[in-house]
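Undergrad: sequence and computational prediction follow.
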Amino acid sequence: MNRFAWTLWMGLALGAPILGAAILGAAILGTTAMAAERPNIVIVLVDDMGYSDVGCYGGEIETPNIDGLAENGLRFTQFYNSGRCCPTRASLMTGLHPHQVGIGHMTAPPGQPLGITGPYQGYLNNDCVTIAQVLKSSGYHTMMTGKWHLGIENKSEWPLQRGFDRFYGGLSGAFNYFQPGGDRGIMEGNEAVTTDKDFYATDTFTDKACQYISEAVEADGDQPFFLYLAYNAPHWPLNAKLEDFQKYKGKYTGGWDQLMKDRLAKQQQLGLFEADTFYASHEGPQWDSLGKRKRNDMDSIMAAYAGCIDSIDQNIGKLTRHLRRVKQYDNTLIFFLSDNGACQEGGMLGKGSAAMVKDPPLKTVDGVRLGQAWANACNTPFRLYKHFVHEGGACTPMIAHWPQGIPATRRGGFYRGAAYLPDFMATCIDLSGAEYPSDKPAVRGQSLVPVLHETDPETDPETELVVHQSPMYWEHEGNAAMRMGPWKLVRQYQQPWELYDLDADRTELNNLAEVRAEKRDEMVEMWEIWATKTGVAFPERFNMYEHLKQKKNPAKDDI
C-alpha cells in the first residue's frame, strides 16, 4: 500500500470524513481487506531470551505457536531493546528513553538511587505517561499480567496507578515460578494474593490474561482492549516444569560450539542471514575441556532454559486459541519480543543440575542460572549478552501478527530495517487515534503501522519503508550505542568506541573505528549531544551487583 492509500485508510479508520467509496476502493485495491474498527493490541514480552532461541529465529527449541505467529505475520530482524530488564520496560511503556523517565540504571527505592541521583531515581517519574494511560484515554480496556519491574515501594507507580484497569503479577524483577514469596510475591490489583499449589507463573499469567480478555469483551465487546503480557520466563531462577525439562534433557550434550553452528545454519536456511555470515566467537571454555559430570550439569541447565521457553510457547498457543474462542483473533495485533539478550548472570558456567531442576528451592530466587557460556550461544550469531548494547545484548526477536492488518503477500516475511522500543507508543497512538499529552516529552519512536501494511519488500525492495530516518541512541551502565543508517557506533563500558557497517557486517566482527575515524568522531559527537540532552550520567562503568556489594561491605575499599 502506498503512503497516500495508507493515509486514506487511517483517516477513515480513525473517524475522518468519508471521501467516497470509489477513492477508498482504489486506495486498498490489491491489499488485505482491513477492518474499520480499531484493533486490540497485545504486547507479549519475555524475559532474558536470546536472539536465536525460538524456532523461527534459528533455534531447536520447539516453538510451533510462536513460529505460527511469524509464519502468518512479520519478523523484524533488527529490532532493538535497551539491554536490560527494567530500562527496556521503561522505554517500551513510555515511548521515551529510560533516563528520561527515572530508570537510568535499574529500579530502586525512593531516596536510594543506584549510585547516581537526579533522573536515575529508580522508578517511573511523573514526566511520562504509559501506553496504558494513553490508550485508556481513547476508550481501550487496559490490562496487564506478569512482571512489572518499574517501581515497587511507591504505590503511585504500580500498574493500576499508571493506567491499567486490571493487573495480576509481580512488581519485582524476579520471582519463583512455583511459589513466589516475601517481597517477590504476587499481586492482583493493589493487593497481595496467596498463590495455590497449582500456580506456575507462565501458565497463571496467561490464564489471568484470558480471563481479563473475556471479561472485557463481555462488558463491552465494541471497546478494544490493550493487553501487556510480561512473562518472567526465562529469567532466573530457571524453574522449568519437570516434563518440559525432560523433553530437552540430553539434547545439549554436543556443547555450545555445536549449538552455534547448528543455529547459524538454520538461520541462513530461513533467510535471516546471508550464507557468508559468521557468528561471533564464543567466550567460554572448550566443551571437551569440561569433565563428564560438569558437561552433564551444563546439559541440564540448558534443558531447563529450553523447557521454560517451550512453556512460553504452549501459553502463546493458549492465548491465541482463546482469542479465536471470543472472536477477537482476526483484529488483534500481537507483538512478541524479548526484553534483552540471553542472561550471562551466574558466572561463566551458570548454576544448577538435574537435581536442582527436579527439586527447586521455593519462595526464593535461588536456583538454576544459564551463565555466560550458554548465553553467548543463545544469542547466535551476535556478540555479548544482557547488560550490553552490542547486538547480542540489545537486538531481540520481534514478531508482529495481525490477520486483518498485515497483507497476505507480507506474511511470513521479514522487515529488515531498524526499529526500537519507543516505536510501540507511537504505533499504539497511530492505531488508536489517542492523543498523547502535550505537556510530556515528545515520543522518541516512529509508528510501525505503515511497515505492517507495506507491499512485499522481497519482490520490490525499493518500497520497503525506512522507519527511522533519524539516529537511534542507547546507554546502559556505561555501555553505549548509536545507530545511523547502516552505521553502528558502540562501546563496552570504558573501552574505546567501535564502529560497524551492519549492512556488510551484521555480527560486528570488523571494527572500522580507525579506518573510518571521521565517521566515528562525527557519531561520537552526536551521541554525546544526545546523552547530555537526555540526562545520561556518563559513567565510565557501572555494575549494579558490584555497587550493592560495595554498599554492603564498604570497608573492603579501604583495605
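TA: Perfect, I can see it now.
Undergrad: show me where the chain has its strands.
TA: 40-46, 74-80, 141-147, 166-170, 186-188, 191-193, 225-230, 332-338, 395-401, 413-420, 472-476, 479-484, 487-491, 498-501 (DSSP state E).
Undergrad: ok now do the residue nearest to Ser353 when sequence neighbours are not counted, which residues does it touch?
TA: Of all residues not flanking Ser353 in the chain, Asp297 sits nearest, at 4.6 Å (CB to CB, 6 or more residues apart in numbering). C-betas here are computed from N, CA, C, even on glycine. Going by CB atoms under 8 Å, 6 or more residues apart in numbering, Asp297 touches 352-354.
Undergrad: most neighbours of all these, which one?
TA: Gly352 (26 neighbours; other CB atoms under 10 Å).
Undergrad: and that residue, how close does it get to Asn296?
TA: 11 Å (CB to CB, to the nearest Å).
Undergrad: low-confidence ranges in the stretch 451-559 of the chain?
TA: 455-464, 554-559 (pLDDT under 70).
Undergrad: go again using 80 as the cut-off
TA: Counting by pLDDT under 80, the stretch 451-559 of the chain contains low-confidence residues at 454-464, 538-559.
Undergrad: and the strands of the chain as TSV, adding mean neighbour count and distance to Thr94?
TA: Below are these laid out as TSV (neighbours: other CB atoms under 10 Å; distance: least, CB to CB, whole Å):
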stretch	mean neighbour count	distance to Thr94
strand 40-46	24	13
strand 74-80	23	16
strand 141-147	26	14
strand 166-170	24	17
strand 186-188	17	21
strand 191-193	10	25
strand 225-230	26	13
strand 332-338	24	16
strand 395-401	25	18
strand 413-420	20	13
strand 472-476	25	15
strand 479-484	24	20
strand 487-491	23	24
strand 498-501	21	29
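Undergrad: wait, which of those strands is closest to Phe199?
TA: strand 186-188 (7.8 Å; CB to CB).
Undergrad: can you list the strands that the closest one pairs with?
TA: Its sheet considered, strand 186-188 pairs with strand 166-170 (antiparallel), strand 191-193 (antiparallel) by DSSP bridges.
Undergrad: and the first one, what's its mean pLDDT?
TA: Mean pLDDT, computed over strand 166-170, is 98.
Undergrad: quick one: residues in contact with it.
TA: 142-148, 158-160, 180, 184-189, 193, 201, 204-205, 208, 212, 215, 230, 232.
Undergrad: same question for stretch 428-445.
TA: So stretch 428-445 is contacted by 10, 14-15, 38-39, 41, 95-97, 100, 127-129, 131, 134-135, 137-138, 140, 224, 226, 333, 420-427, 447, 449 (CB under 8 Å, 6+ apart).
Undergrad: hmm, try it at 7 Å
TA: Outside stretch 428-445, the residues that touch it by CB atoms under 7 Å, 6 or more residues apart in numbering are 14-15, 38-39, 41, 95-97, 100, 127-129, 131, 134-135, 137-138, 140, 420, 422-426, 447, 449.
Undergrad: pull out the buried positions in it.
TA: 428-432, 434, 436, 440-441, 443-445 (16 or more other CB atoms under 10 Å).
Undergrad: just stretch 286-305 next, same as before
TA: 287, 290, 295-305.
Undergrad: over to stretch 82-92?
TA: For stretch 82-92, burial by neighbour count (16+ other CB under 10 Å) applies to 82-92.
Undergrad: pull it out as CSV, backbone CA atoms only.
TA: What follows is stretch 82-92 as a C-alpha-only set of coordinates in CSV (Å, rounded to 0.1, in the frame of the first residue of the first chain):
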residue,chain,number,x,y,z
SER,A,82,17.6,-1.4,26.0
GLY,A,83,19.9,-4.2,27.0
ARG,A,84,18.4,-4.9,30.5
CYS,A,85,15.1,-5.8,32.1
CYS,A,86,13.7,-2.6,33.6
PRO,A,87,15.2,0.0,31.3
THR,A,88,13.6,-1.9,28.4
ARG,A,89,10.2,-1.9,30.3
ALA,A,90,10.5,1.8,31.0
SER,A,91,11.2,2.6,27.3
LEU,A,92,8.5,0.2,26.0
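Undergrad: which one of the buried residues of stretch 286-305 is nearest Ala280?
TA: Of all the buried residues of stretch 286-305, Ala280 sits closest to Trp287, with 17.1 Å by CB to CB.
Undergrad: my read: that closest one touches Met260, true?
TA: No - using CB atoms under 7 Å, Trp287 is not in contact with Met260, being 11.0 Å away.
Undergrad: what pLDDT does the model give Lys241?
TA: Per the predicted model, pLDDT is 98 at Lys241.
Undergrad: how distant is the lengthiest helix in the chain from the center of its chain?
TA: Ordering each helix of the chain by length in residues (DSSP state H) puts helix 292-325 first. Averaging C-alpha positions (CA atoms, centre = their mean, to the nearest Å) puts helix 292-325 17 Å from its chain's average.
Undergrad: just stretch 46-57 next, same as before
TA: With CA atoms, centre = their mean, you get 10 Å for stretch 46-57.
Undergrad: what residues does it touch?
TA: Stretch 46-57 has contacts (CB under 7 Å, 6+ apart) with 58-59, 61-63, 66-67, 70, 75, 85, 147, 231-235, 263, 267, 272, 309, 312, 338-343, 375, 378-380, 382, 386, 395-397.
Undergrad: the domain parsing of the chain - what is it?
TA: For the chain, automatic domain parsing gives the domain ranges 44-463, 472-558.
Undergrad: let me know which of those domains is tucked in deepest.
TA: When you average the neighbours per residue for each of the domains of the chain (mean count of other CB atoms under 10 Å), domain 44-463 leads with a mean of 21.
Undergrad: distance of the closest residue to Pro471 other than its chain neighbours from Gln78?
TA: In space, and not counting its chain neighbours, Pro471 is closest to Met484: 4.3 Å by CB to CB, 6+ apart. Distance of Met484 to Gln78, given as CB to CB: 13 Å.
Undergrad: hmm, back to that, between the domains of the chain, which gets the lowest average pLDDT?
TA: Across the domains of the chain, the lowest-scoring stretch is domain 472-558, with a mean of 90.
Undergrad: now the strands of the chain in CSV, with distance to Lys358?
TA: Below are these laid out as CSV (distance: least, CB to CB, whole Å):
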stretch, distance to Lys358
strand 40-46, 24
strand 74-80, 36
strand 141-147, 25
strand 166-170, 24
strand 186-188, 24
strand 191-193, 27
strand 225-230, 28
strand 332-338, 27
strand 395-401, 30
strand 413-420, 40
strand 472-476, 36
strand 479-484, 37
strand 487-491, 41
strand 498-501, 43
